[in-house]
Every structure is written in C-alpha cells, then in structure tokens.
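Engineer: this one's sequence-less:
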C-alpha cells in the first residue's frame, strides 16, 4: 500500500470505516497532509514506531570498509551465490546498504532535528527534508513503516554495486559454465583465483626492459 498526498484522505477514511468510527476533526489522521512541505514541523498526535537505523540508510561516522574492500566483498558475495546456486538476500541487502551509505545524507540527524522542533511528535507531513528542501525520509502511518527516499548519488552508488556484482557472476559463468552454478565449491573458486593471480605475477616478472643508455 503506497500512500501519497492524493490518496491519503482515502486511506484515512477507510481506516475509520474499518474501525467503525466516524471521522472527527480531532482525529490525528485528519490533521495530516502527507508530503506537505509547509507542515514539516507541525506536530500531530500520531503514535509511531521510531526508525531502526540498523535498517535505514544514513550517513555513518565511518564507512564499513574501504573501496577496495567493498569491491572484493561484492565479488566474494557473487562467488558464494554462484557456488551455492542460491541468492542470499539478507547478505546482499546488508552489503548494498553499507556500500550505499558512503554517499547517504545524514537521515538520522535530519530526523532528530525535526523531532526537536515538534517536541518529539510526528510532523503533519509524515516526511522529513534536509536543509536544501530535498526529501530524505518518510513514514507511512498506516503500515507504520519507514522509507529512505534515495538520492541521485545513492542511485548511482547502487548501479555501481550491481555492475560489480553482475560482472563477477558473468566472469564465473564464462569460466566454469552455467552448469557449474550450485555445484562448484567456493573453495575451488578461491583456489583458482589464487592460482591465476600467482601465474600472472610470475608471468609479469622480469618483463621490464631497461632502455637507459
């Protein structure tokens, strides 16, 4: 169920009908206008679940790993999934989130700043903006779910993640064949990588030519 400014009143009325109550002007849902920027600091008496920042992308004090480590971790995830033949959705989401957070806005700080201005209450817009007026975070009062509103930088970062992941899967498929998916061991893949790196190192040694006269 996706709530927008256009259908917010409809869902509010629907909830009232399901609960057998008539809508009153004092009803907190009637005070809301989803996504209305002008109401971003107007407090309403809606009970809400606080955001779990372990599951919401936001700027962190320190990246989970370096760029080189991220690239290797993404490739390793692809190798694990190729060897098992199964998608590890939890591991994929966590790594993708950590990778994306390096360019994320500080949604936690934005949320806390808004809470200070509303006295700890939900704002009437059920949405949070940064200082430049960009949407960053929203709350669905019906499903009680939080949603990070992705920035262009986060979309670009996600595309980079997907590209690294898909390129490694394509490499594995080319090297071992599709029939190897789910049958080859991760240890074998890692061993072949190590052997290939060692061979490349040996082949490259002594190849430099000194042209100094």
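Structural biologist: Yep, it's here. Remember, predicted model here, so these are calculated numbers, not experimental data.
Engineer: How about residue 36: what's its closest non-neighbour residue?
Structural biologist: residue 125 (4.8 Å; C-beta to C-beta, 6 or more residues apart in numbering). Quick note: C-beta positions are derived from backbone N, CA and C, even for glycine.
Engineer: so what pLDDT did the one you found get?
Structural biologist: The model reports residue 125 with a pLDDT of 96.
Engineer: likewise residue 57?
Structural biologist: The model's pLDDT for residue 57 equals 97.
Engineer: Checking it next. Helix, strand or coil?
Structural biologist: Here residue 57 is recorded as coil under DSSP: H, G, I helix; E, B strand; the rest coil.
Engineer: Run a quick neighbour tally on it.
Structural biologist: The tally of other residues near residue 57 (other C-beta atoms under 10 Å) stands at 23.
Engineer: what's it in contact with, if anything?
Structural biologist: The contact partners of residue 57, by C-beta atoms under 8 Å, 6 or more residues apart in numbering, come to 97, 100, 101, 104, 107, 148, 150, 154.
Engineer: Residue 83 now?
Structural biologist: Applying C-beta under 8 Å, 6+ apart, the residues near residue 83 are 182, 184, 185, 186, 188, 189.
Engineer: repeat that with 10 Å
Structural biologist: 172, 176, 180-190 (C-beta atoms under 10 Å, 6 or more residues apart in numbering).
Engineer: Most neighbours of all those, which one?
Structural biologist: Going by other C-beta under 10 Å, residue 172 tops those with 22 neighbours.
Engineer: what pLDDT does that one get?
Structural biologist: pLDDT, residue 172: 97.
Engineer: How about residue 13?
Structural biologist: 59.
Engineer: One more: the one 5 residues further on?
Structural biologist: The pLDDT attached to residue 18 in the predicted structure is 53.
Engineer: In strands, which of the contacts of residue 57 fall?
Structural biologist: Among the contacts of residue 57, the ones falling in strands (DSSP state E) are residue 148.
Engineer: Need the buried ones from the contacts of residue 57 selected in PyMOL.
Structural biologist: Filtering the contacts of residue 57 down to the buried ones (16 or more other C-beta atoms under 10 Å) takes a single PyMOL command:
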select buried, resi 97+100+101+104+107+148+150+154
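Engineer: export the contacts of residue 57 to TSV and tack on distance to residue 69 and pLDDT?
Structural biologist: As requested, the contacts of residue 57 are exported to TSV (distance: C-beta to C-beta, whole Å; pLDDT from 0 to 100):
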residue	distance to residue 69	pLDDT
97	15	97
100	15	97
101	14	97
104	18	97
107	24	98
148	23	97
150	23	96
154	20	98
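Engineer: quick one: residue 115 and residue 128 touch, right?
Structural biologist: Yes - between residue 115 and residue 128 a contact is recorded at 9.4 Å, counting by C-beta atoms under 10 Å.
Engineer: How far away from the center of its chain is stretch 112-129?
Structural biologist: 22 Å (C-alpha atoms, centre = their mean, to the nearest Å).
Engineer: Which of residue 115 and residue 128 has more residues huddled nearby?
Structural biologist: More neighbours surround residue 128 than the other of residue 115 and residue 128, with 22 against 16 (other C-beta under 10 Å).
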